[in-house]
Structure formats: C-alpha cells, structure tokens
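1. how does the following fold in three dimensions:
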Amino acid sequence: MTLEEKIGQMSQVRHFEDIASDSDIATKFIGSVIHTQGPAPGNGALGWQNRFRALQEKALSTRLGIPLLFAVDAVHGQNTFQGATIFPHNIGLGATGNRNLVREAAAITAIETQATGFNWTFSPCVAIPYNEKWGRVYEAYSESTTLTSEMAVASIEGHQGVLSSRRTVMATAKHFIGDGATDYGVEGGDTTLSMHQISERLLPPYRAAVAAKVGAVMASFNTLSGIPMHSNKVLINDTLKESMGFDGIVITDWKGYSRFGGTAIINAGIDMVMAVDGDLDFFQKDILAGISNKTIAVERIDDAVRRILRQKFRLGLFDNPFPDISLIPEIGKQIHRDKARQAVRESLVLLKNKDQVLPIKKGIHKIVVVGEHAN
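-> Numbers count the residues shown, from 1 in each chain. Next up, the predicted model:
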C-alpha cells in the first residue's frame, strides 16, 4: 500500500458534507463513511442501501478494492431511521437488570442497522456516571461497574454475534475513558481520578468488552488530569492495546484530530479519525508531513491500517461488501416491537415520593431550568 492509501483507510467522512463528490471516496482512498443527522437518501431503506452501494462501488474501483465501513450512532435501536424499532436508552436497559433482554435488543438493532446499509454502530456506551448533572447520564447503564460490565458484554454479543454474518454489525465501546466522571459533571471536562480509581472503577467494562472481542473503541472528549484522552498514550496504547490486548480499531470522537493535538493522537494509539467539518484534507496532509519530518513512524501507520483491515476481514466485507436487500422486511417488524415494549415495561422504576416533593406546592412560583439549551 502507498502512504496515501494507508492514510485514506484511516479517514472517516460524512457522505454528503465532507466530500465534494462520491469520486472522493476513490481518489482519497476513504476507509469509512459515517452518517449522522442531516441529509438522508429517499425511498426508505432501499434508498439507503442504494446510496451505500454506490459509495461501496467507488471504494471497490480503486487499485486495491478495499471495502468501506459504514458507521452510525444506532444507540437505542436504529434511531436514525424512521420506522425502525426504538428501544429505551441504556439507562432504561440498565434498570431492567436483564442481560438476555439487552442481548436481544442489540441483536434486533444489528439486523435493522444492517437492513439500512450500515455495518458498524457506535454502541454500547460503557461510561460510569459519577455525577447526575452530567448531561449524558442517560447513555450509561448504571453507576455500578459490575452491572455496566455485564450489560456491555451482552450488548456486544448481541450486536456482533458471528461477526461475518449479514445480520450483525461491529460494536464500539465508548467513550474511553472517564467521560462520565468529569469534575462537576461537565461534558468534555477534566477527570481527576487517580490511576488506581480508573483501574478499579472505569476500566472493568472495557476489560469485559475486550474479552467479548469488541471491534472498536471510541476515545473520549474529556481530559484526564489535564491530558486530552485522545492523546493519552499511557491509557490508549500502553493500557488498552498492549496490557489489555485489544486488537481492534481505536477511533476518535467528532473532529478529534484537529481538536486534540493532531499527530499526537496518532502517536498515542488512535487508528481512525472522524475527519469531519473540514478536517479531511488537513488530516491527510498533516499525516504525510508528519511521516516526512519523522514525527510519526510509518510503523504506527501500518499498525493502524492493519487493525482497520483486520476488522473489515472479520466482518466479511471482502466477500460480501454490499447491503443485503432481503433484510429490509426486518425493519420494525412486530416481533421486534414486542421486544421493545418488553424492554420499556421492565425498565420502569417506582420512586418513593419522599417528603411529599410532588405535586409541586402551589406556593412555588419559580422553577429554574439551567443548561446550554435552557431557553
């Protein structure tokens, strides 16, 4: 592989916003496409499949014909597609305490995610929330390290199953690490736990995820005692990869390359970059420059690309790169919705109205709503 081909494999873009045309998939050797909120293909699931088929054909037209990974945040069902089966968020699934149900929910989500053309989901979130003011507590299963670890394994098993099956997707454990434990619950803030506390409280779900052969891990927005997690070599490379034996892909979070140190995050162990919002050309050129001036070793790039290709082989993409049209009738089918209703029922938690907090007393005239979107 040329350097350009390798760096292309490390690049993930949005298919409408971050490339000038579909031809960029081939000319820039893109390795992965992410779909977020925004423009979507028409004509339902078939429209999505046809869109991704066209992009895959561009990737396969290159000299090496390496297929694309198609990624999505299907975090409580295939929640980006109208008509898909929607499950409770992780906080609800954690409240069920039902590992088999979590496994079944993930398997259903995987089928419906594949039916819309995707082969990679950014789920499960295995954060341990330390502060209820953290705005993403609902993404976590529990403040219990043990329960979170068990739910993480169930979710990964459900999503991935036999990874080369056309009915499963690659899972992602996120966000590594300390996203739910920042000071004052600030999203993307600083986590000031000791390494002992991290090892005892936050790492067990990742150890469990690695043992369950999770395909990817996503780095976190937060810092750890002032060091951005995206560039924390001790935890990403030395701990996650070398000590824990993780052999999958470590991916940035949104725009992680330009936000958290450029080439430093690659040296720390990041393998794939969400090269969004103008980052694509900057990332690809910056890596080439880093190799040229020897601030990045070619061996680090080779390791990243091996990990990406390994997961593509495990997914069976070199044999079956295109979406399976026969899965479309699976989307939102009644048996799936029945399972979602079961999840909702089991997630319900009865609270005690201690000290008669409710109903709100008539004498209270002002209630303060705070936060970035309070108005």
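2. give me the low-pLDDT residue ranges for this structure?
-> 37-39 (pLDDT under 70).
3. as a check, name the ranges of all strands in it.
-> Using DSSP state E, the strands found in the chain span residues 11-14, 32-35, 69-72, 120-121, 172-176, 190-191, 216-219, 223-224, 227-228, 249-251, 273-274.
4. list the helices and strands the first one packs on?
-> Here strand 11-14 touches strand 32-35, strand 273-274, helix 279-292, going by 3 or more CB pairs under 8 Å, 6 or more residues apart in numbering; DSSP states H and E. (Each C-beta comes from the backbone N, C-alpha and C, glycine too.)
5. let me know which of the ones you listed is tucked in deepest.
-> A comparison of these by mean neighbour count, using mean count of other CB atoms under 10 Å, puts strand 273-274 on top with a mean of 28.
6. strand partners of it, parallel vs antiparallel please.
-> strand 11-14 (parallel) (DSSP bridges).
7. now do the buried residues in the strand it pairs with.
-> With burial defined by 16 or more other CB atoms under 10 Å, the residues of strand 11-14 counted as buried are 11-14.
8. which single one of those residues is nearest to Ser144?
-> Gln12 (32.5 Å; CB to CB).
9. could you report the neighbour count for Ser243?
-> By the other CB atoms under 10 Å criterion, the neighbourhood of Ser243 contains 12 residues.
10. that one and Arg201, how far apart?
-> As judged by CB to CB, to the nearest Å, Ser243 and Arg201 stand 17 Å apart.
11. what are the boundaries of the helices in the stretch 51-200 of the chain?
-> 90-96, 99-115, 145-160, 195-197 (DSSP state H, counting those that start in this stretch).
12. need those helices in JSON lines with distance to Phe81 and mean neighbour count, can you?
-> Supplementary listing: these in JSON lines, determined by distance: least, CB to CB, whole Å; neighbours: other CB atoms under 10 Å:
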{"stretch": "helix 90-96", "distance to Phe81": "19", "mean neighbour count": "21"}
{"stretch": "helix 99-115", "distance to Phe81": "7", "mean neighbour count": "24"}
{"stretch": "helix 145-160", "distance to Phe81": "16", "mean neighbour count": "23"}
{"stretch": "helix 195-197", "distance to Phe81": "39", "mean neighbour count": "12"}
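13. quick one on the thing from earlier: and of the buried residues of strand 11-14, the nearest to Asp319?
-> Distances from Asp319 to the buried residues of strand 11-14, taken by CB to CB, are shortest for Gln12, at 22.3 Å.
14. what residues are up against that closest one?
-> By CB atoms under 8 Å, 6 or more residues apart in numbering, Gln12 lies in contact with 30-34, 69, 71, 251, 272-276.
15. list the contacts for the one residue sitting closest to the centre of the chain?
-> In the chain, the centroid-proximal residue (CA atoms, centre = their mean) is Phe122; its distance is 2.2 Å. By CB under 8 Å, 6+ apart, Phe122 lies in contact with 71-75, 172, 174, 218.
16. buried ones from these, can you make that a PyMOL selection?
-> In PyMOL syntax, the buried subset of these is picked out as below (16+ other CB under 10 Å):
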select buried, resi 71+72+73+74+75+172+174+218
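17. returning to that earlier point: just send the strands of the chain back as TSV, with distance to Arg51 too.
-> Output for the strands of the chain, formatted as TSV (distance: least, CB to CB, whole Å):
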stretch	distance to Arg51
strand 11-14	12
strand 32-35	9
strand 69-72	10
strand 120-121	16
strand 172-176	22
strand 190-191	39
strand 216-219	22
strand 223-224	37
strand 227-228	34
strand 249-251	22
strand 273-274	19
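18. quick one: the residue nearest to the centre of the chain and Thr113, what's the gap?
-> Taken as CB to CB, the span from Phe122 to Thr113 is 11 Å.
19. kindly report the same for Ala127.
-> Counting by CB to CB - Ala127 and Thr113 are separated by 21 Å.
20. need the contact partners of stretch 366-373.
-> Against stretch 366-373 from outside (CB under 8 Å, 6+ apart): 135, 360.
21. give me the neighbour count for Asp319.
-> 9.
22. list the contacts of it.
-> Ser164.
23. centre of the chain to stretch 68-83, how far?
-> Centroid separation for stretch 68-83 versus its chain: 10 Å, with CA atoms, centre = their mean, to the nearest Å.
24. neighbours of Val369, how many?
-> With other CB under 10 Å as criterion, Val369 counts 7.
25. Ser123 reaches Gly158, doesn't it?
-> No - counting by CB atoms under 8 Å, Ser123 does not reach Gly158; the two are 10.1 Å apart.
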